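> Everything below, folded, please.
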Amino acid sequence: QDHSHQLVCTTEKETLTVPIRAIGAHPILDFPDQLDFSECPVNYSTQKTLLVRNIGNLEAHYSLSTESPFTVSPASGTLQVGEAMQVTVEYRPLETGDHSTPLIPLCFVPGQDTHTRLVGESVDLNIGLGNYSLKFDKTYLTLSSHKTMVIHNRSDITAQFQWKAFATEGEEYHHKIRLAGLACPCRSKGEEAKSAAGNLQLGASFSSPSQGSPAGSGGLLDLYLPPPHSSVVGREGEVGPHSSAEIKVFFKPCEAQAYGRVAYCAISGRESRLPLRLTGEGLGPCLQLNFEEINMGNLFVGETYSYKVLLVNKGAIDAPFELIPSTTAHGSCFIFLPRQGIIPPNGLQPLQISFSSTTLGEFYEEFHFNVTASPKPVTLTIR
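The predicted model follows:
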């Protein structure tokens, strides 16, 4: 602590004042005036280490503080007189452009704090996808197909990547908040936000659940890293400097419909997530009749007539079928055997049809066979 005093000397003619000052022991940390990171990749961590000494004459109890996108470690501690320590400053910008903020070492001595200016410029690197859209072949339900795409890294850094379901962190955060509220409406908003924020680092799901997904319902779009990256299976990995990584994207539909969505690659060295548009179509069982219409001609009342048709599975998966009962007067006179069953791929099922009517008149009947997971039934017309 500094001290000051005044010595006053008084004579018959005048009064003299003599100031007395004593400077106490102070800690002094020799931080530079500025630490320049120059040009650095966006969404990437760049570190610089400072060797800081206590050149004062008192033990330094310090605390270091700064602002995003800079961080400093260690944030606090004690440094004896004449001792040195390493201080690591990390620069991890999330947006391109110039950044500047102070690094403030607080030594808890009034008037002795210093400021170091931290400056840096972040830029996009030459990192991108080999193609930005994939169209899958038509794929049968329960089966899967895949396509291969490439991530090119033409920079000097090792790029970490992770596949996401949303274009920005903001969209991802709000989606997590909304899901947290749906899962437990009794929780407070603060608890929901805390829970959602804690899950933001999880890999984005590329399945398409029936609720709360921007991708619609059903289906699976998954990503896989083949050897030599077999240790990383799923939605994240890394690409070395001046190299490429092959990514296998699998499509496994669960409904017979068209699918379309966008997956986003969050990768070091790029400010925006890279979009990959995925499209595909799911196919259900493919059942066909060997003929679709029977003309029975003129019939006698009370006589029984028999016919046979074939249900043929022309698809690559099992085809469960079931006859939808007819509610018309003439339709109830028909008997089908069997009424239901499962036909294997490339298999066929003979259907025995018998008819006997006690009613006169013309008729036109349509019989529908419901096929599981197929959008349209198989129809047999009898007249």
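> which secondary structure elements does the helix or strand encompassing T148 contact?
Assigned by DSSP states H and E, T148 belongs to strand 145-153. Packing contacts for strand 145-153, counted by 3 or more C-beta pairs under 8 Å, 6 or more residues apart in numbering; DSSP states H and E, involve strand 127-129, strand 133-135, strand 159-164, strand 236-239, strand 243-252. Quick note: C-beta positions are derived from backbone N, CA and C, even for glycine.
> Tell me the buried residues in stretch 255-264?
For stretch 255-264, a neighbour-count test (16 or more other C-beta atoms under 10 Å) marks E255, A256, Q257, Y259, R261, V262, A263, Y264 as buried.
> The second one belongs to a helix?
No - with DSSP: H, G, I helix; E, B strand; the rest coil as the criterion, A256 is coil rather than part of a helix.
> helix, strand or coil for V52?
Following three-state DSSP, the label given to V52 is strand.
> Roughly how far does V42 sit from G82?
Distance of V42 to G82, given as C-beta to C-beta, to the nearest Å: 40 Å.
> err, G237, not the other one
47 Å.
> between the two, who's got more neighbours?
Ranked by neighbour count (other C-beta atoms under 10 Å), G237 and G82 place G237 first, with 20 against 10.
> I'd say the more buried one and A245 touch.
Yes - G237 is in contact with A245 according to C-beta atoms under 8 Å; the separation is 6.6 Å.
> Given the strand holding T148, what are its sheet partners and their directions?
strand 127-129 (antiparallel), strand 243-252 (antiparallel) (DSSP bridges).
> any idea which of those strands scores lowest on pLDDT?
Lowest mean pLDDT within those: strand 243-252, at a mean of 87.
> Buried residues in it, which are they?
A245, I247, V249, F250, F251, K252.
> Between strand 159-164 and it, find me the angle.
Here the directions of strand 243-252 and strand 159-164 differ by 20 degrees (axes from the mean of the first three to the mean of the last three C-alpha atoms, to 10 degrees).
> Export strand 243-252 to PDB, keeping only CA atoms.
What follows is strand 243-252, C-alpha atoms only, in PDB (Å, rounded to 0.1, in the frame of the first residue of the first chain):
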ATOM      1  CA  SER A 243      -7.600 -34.800 -47.900                       C
ATOM      2  CA  SER A 244     -11.100 -36.100 -48.300                       C
ATOM      3  CA  ALA A 245     -13.500 -38.400 -46.400                       C
ATOM      4  CA  GLU A 246     -16.100 -40.600 -48.000                       C
ATOM      5  CA  ILE A 247     -19.500 -40.700 -46.300                       C
ATOM      6  CA  LYS A 248     -22.000 -43.400 -46.800                       C
ATOM      7  CA  VAL A 249     -25.600 -42.300 -46.500                       C
ATOM      8  CA  PHE A 250     -28.200 -45.000 -45.900                       C
ATOM      9  CA  PHE A 251     -31.900 -44.700 -46.800                       C
ATOM     10  CA  LYS A 252     -34.300 -47.100 -45.000                       C
END
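> Tell me the gap between it and the middle of its chain.
15 Å (C-alpha atoms, centre = their mean, to the nearest Å).
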